[in-house]
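Engineer: how would this look folded up:
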Amino acid sequence: TSPGDVRASARKFTAGHARRGCQNWQNHSLHQTTMQKELPTYHKVYNLWYGADLSNTHGRRVQRALMLLSATMVLVGLAWGAFFYHLDNWPVVALDLLLVVGGLATASFIWQQKPELATATPFVTLFIVIGAIAWAFDSATPQAPRTTQLYLMPLSVAAMLAFRTSRPWLRFGAPGICLLALGILSLGYGSPFPQYALPESIKATGAIVQTVTALSLFFIILHVMQHDAIVRSALEIELLQALECSEFRLFYQPQLDSLGHVIGAEALLRWQHPERGLIAPGEFLETAEQSGLILPIGKWVARQACEQLRSWSQVADFKQLRVAINISQVQIRQNDFVPQIQSLIEEYQIPANQLELEITESMLVDDMQEVVKKMNALHQCGVTFSLDDFGTGYSSLNHLKSLPLQQLKIDQSFVRDVVSNSSDASIIRTVIALGHNLDMTVIAEGVETREQHQFLIDSGCELFQGYLFSKALPIEEFNAYVRSKLDVGAGEGNRTLV
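Structural biologist: This next block holds a predicted model:
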């Protein structure tokens, strides 16, 4: 997609609409200054529901659905369990208790912020409960058909929605298993445990209730998917407008060494929306990647970073600063990715080693050989690479050995509880030792307290980034921050001489 194509598409979508006016932008801080474990219970539930720390709108929607689902599983399990308890149907009571346990486990995983387990647990639980009841207790008879298996239909669509960002075997496997079980159970007849089969009086009424309920759930989930598609389509149009109207901005979060000197910054993308103010990338990058708009956006980010490096090179106190930019998997897969970066370096006449490209561990899962080939080509030109969020993905020691990496970035999830959690402390020490043994520098992100900073220094970490030092700043404020650090350093030097 060329810039011309983007401009043409934007004109097509915005034809007939009034140009959006300018207004003052509001900078909404993404930082939460209070740790979750220090909050009262009601505040934790509030934060989980509104999900300020979630990476995207889809994630927030899924978390809310899981919270409601966990509560529903507990209530339905208790209600039906009590009903079948009075009928002395103990196997069904056991399945209802399994439903309750699954709901409680889902709530627990949400509380512990383990999204993968929180998503998989209700799916597995509901599949087992629905399949077991339909197969063993809801036998088809001439008076009433088997209907419990109809719940597998909305469950399959819900699985497709919940696992849409997961790996292909899970994204397509979970709905496929549900539909396969639906077909098998719909063709089945009779029950292996006739003594526990549901009474005809219950089945006759239940067949109508379950059919209506299952179809209603199916319709509701389809409506959610349709609404999701509409929102995504509208967001794509707005992203095209943002590219056309130059609404994207780069903010710079300082990176400091152990002496407090600013050695560079990570360039972070922000969207200055004329109506919603400053929007964090988690709200739109997922849609940008899936729509292909991440390519022109990524090109813009790389160009802005190179332009800023050239601007700094003309100021004596700034010429040594470097810039780190995040590279998406979609970008690095493009055939012209290497020539793009090389041409920008030549165009702006900047030292290549001051441009740092941050990659994530997930990029190494597919086509690793091609990724390594492109990284080596850019490394030969002087470009440096950093492995972002190290320890949270799929990296192995073999990957680290074969990749032309110059830096490891410790994920903030390990830094957050490093003072109170011995496991996190051990992981960080191991990562730092590993990086040093492989001749890499190690940087820690998400440093928020002096205790964390001191622990990292004592463990041998060289570079730091986080709210303890500064949030991500517009370029004017970042430059002022660097100058303030230089003034402080000069003042300390003068006092030492005196």
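
Engineer: any idea of the pLDDT on residue 399?
Structural biologist: Note on residue 399: pLDDT of 67.

Engineer: again with residue 25
Structural biologist: On pLDDT, residue 25 comes in at 28.

Engineer: which phi and psi does residue 269 have?
Structural biologist: Main-chain torsions, residue 269, degrees, to the nearest 10: phi -80, psi 140.

Engineer: just checking, it touches residue 301?
Structural biologist: Yes: Residue 269 is within contact range of residue 301, at 6.0 Å (criterion: Cβ atoms under 8 Å). The C-beta positions use only the backbone N, C-alpha and C, and glycine is treated the same way.

Engineer: which neighbours do the two share?
Structural biologist: 248, 250 (Cβ atoms under 8 Å, 6 or more residues apart in numbering).

Engineer: go through this structure and flag its longest helix.
Structural biologist: Criterion DSSP state H: the longest helix present in the chain is helix 200-245.

Engineer: for that helix, packing partners?
Structural biologist: Of the remaining helices and strands, those touching helix 200-245 by 3 or more Cβ pairs under 8 Å, 6 or more residues apart in numbering; DSSP states H and E are helix 3-14, helix 57-86, helix 152-162, strand 262-273, helix 285-291, helix 294-313.

Engineer: what would these look like in a markdown table with mean neighbour count and mean pLDDT?
Structural biologist: As requested, those are exported to a markdown table (neighbours: other Cβ atoms under 10 Å; pLDDT from 0 to 100):
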| stretch | mean neighbour count | mean pLDDT |
| --- | --- | --- |
| helix 3-14 | 14 | 41 |
| helix 57-86 | 17 | 80 |
| helix 152-162 | 22 | 86 |
| strand 262-273 | 22 | 93 |
| helix 285-291 | 19 | 79 |
| helix 294-313 | 20 | 93 |
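
Engineer: give me the number of residues near residue 327?
Structural biologist: Counted with other Cβ atoms under 10 Å, residues neighbouring residue 327 total 20.

Engineer: for it, grab phi and psi.
Structural biologist: Torsion angles, degrees, to the nearest 10, at residue 327: phi -110, psi 130.

Engineer: list the contacts of residue 445.
Structural biologist: Contacts for residue 445 were tallied using Cβ under 8 Å, 6+ apart; they are 409-412, 415, 465-466.

Engineer: hang on, the earlier thing: could you dump the helices and strands packed on helix 200-245 to CSV with distance to residue 213?
Structural biologist: CSV is the format used below for the helices and strands packed on helix 200-245 (distance: least, Cβ to Cβ, whole Å):
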stretch, distance to residue 213
helix 3-14, 40
helix 57-86, 11
helix 152-162, 9
strand 262-273, 40
helix 285-291, 32
helix 294-313, 41
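
Engineer: how deep is residue 436 tucked in, by neighbour count?
Structural biologist: Residue 436 has 15 neighbours, counted by other Cβ under 10 Å.

Engineer: residues contacting it?
Structural biologist: Applying Cβ under 8 Å, 6+ apart to residue 436 gives the contacts 442, 460.

Engineer: in the host helix or strand of it, what's buried?
Structural biologist: Assigned by DSSP states H and E, residue 436 belongs to helix 422-437. Across helix 422-437, burial judged by 16 or more other Cβ atoms under 10 Å covers 424-425, 427-429, 431-432, 435.

Engineer: likewise stretch 477-485?
Structural biologist: For stretch 477-485, by 16+ other Cβ under 10 Å, it's 478-479, 481-482, 485.

Engineer: and for stretch 464-473?
Structural biologist: If you call a residue buried by 16+ other Cβ under 10 Å, then stretch 464-473 has these buried ones: 464-467, 469-470, 472-473.

Engineer: span of it from start to end?
Structural biologist: End-to-end distance for stretch 464-473, by Cα to Cα, to the nearest Å: 16 Å.

Engineer: next one: it to chain centre, how far?
Structural biologist: 21 Å (Cα atoms, centre = their mean, to the nearest Å).

Engineer: likewise stretch 139-156?
Structural biologist: Distance of stretch 139-156 from its chain centroid, counting by Cα atoms, centre = their mean, is 37 Å.

Engineer: and for stretch 199-209?
Structural biologist: 44 Å.

Engineer: which other residues reach it?
Structural biologist: 87, 138, 141, 143-145, 147, 198.

Engineer: residue 182: which of the residues you listed is nearest?
Structural biologist: Of all those, residue 147 has the smallest distance to residue 182: 11.4 Å, by Cβ to Cβ.

Engineer: tell me the contacts of the spatially closest residue to the closest one that is not a sequence neighbour?
Structural biologist: Nearest residue to residue 147, sequence neighbours excluded (Cβ to Cβ, 6 or more residues apart in numbering): residue 210, at 4.3 Å. Residues near residue 210 by Cβ under 8 Å, 6+ apart: 147-148, 150-151.

Engineer: using TSV, lay out those together with distance to residue 340.
Structural biologist: Below are these laid out as TSV (distance: Cβ to Cβ, whole Å):
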residue	distance to residue 340
147	57
148	56
150	52
151	50
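
Engineer: how about the strands in the stretch 301-450 of the chain?
Structural biologist: In the stretch 301-450 of the chain, the strands defined using DSSP state E, counting those that start in this stretch lie at 322-326, 355-360, 384-390, 407-410, 441-444.

Engineer: quick one: mean pLDDT for the longest one?
Structural biologist: Over the span of strand 384-390, the pLDDT mean works out to 84.

Engineer: just want the angle from that strand to strand 355-360.
Structural biologist: With axes from the mean of the first three to the mean of the last three Cα atoms, to 10 degrees as the basis, strand 384-390 and strand 355-360 are set at 30 degrees to each other.

Engineer: what lies in contact with strand 384-390?
Structural biologist: Residues outside strand 384-390 that contact it (Cβ under 8 Å, 6+ apart) are 322, 324, 326, 353, 355-361, 375, 378-379, 395, 400, 403-411, 431, 443.

Engineer: which of the strands of the stretch 301-450 of the chain sits closest to residue 100?
Structural biologist: strand 384-390 (35.9 Å).

Engineer: can you pull the buried residues of that closest one?
Structural biologist: For strand 384-390, the neighbour count (16+ other Cβ under 10 Å) marks 384-390 as buried.

Engineer: so how far is the helix holding residue 436 from its chain's centroid?
Structural biologist: Distance, stretch centre to chain centre, for helix 422-437: 24 Å (Cα atoms, centre = their mean).

Engineer: for stretch 468-487, same thing?
Structural biologist: Centre-to-centre, stretch 468-487 and its host chain are 28 Å apart (Cα atoms, centre = their mean).

Engineer: contact partners of it?
Structural biologist: Under the criterion Cβ under 8 Å, 6+ apart, residues 29, 31, 249-254, 256, 260-262, 265-266, 268, 270, 308, 317-318, 321, 447-450, 452-453 lie in contact with stretch 468-487.

Engineer: of those residues, buried ones?
Structural biologist: Here, 16+ other Cβ under 10 Å leaves 250-254, 256, 262, 265-266, 268, 270, 308, 318, 321, 447-449, 452-453 buried among the contacts of stretch 468-487.

Engineer: the strands of the stretch 301-450 of the chain: lowest mean pLDDT?
Structural biologist: Among the strands of the stretch 301-450 of the chain, strand 384-390 carries the lowest mean pLDDT (a mean of 84).

Engineer: could you tell me the angle between it and strand 262-273?
Structural biologist: 70 degrees.

Engineer: pull the CA atoms of strand 384-390 into CSV?
Structural biologist: This file holds the C-alpha atoms of strand 384-390, laid out as CSV (Å, rounded to 0.1, in the frame of the first residue of the first chain):
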residue,chain,number,x,y,z
THR,A,384,20.6,-2.5,16.1
PHE,A,385,17.9,-4.9,17.3
SER,A,386,16.3,-5.3,20.7
LEU,A,387,14.1,-8.2,21.8
ASP,A,388,11.1,-6.7,23.5
ASP,A,389,9.1,-8.3,26.3
PHE,A,390,11.7,-11.0,26.8
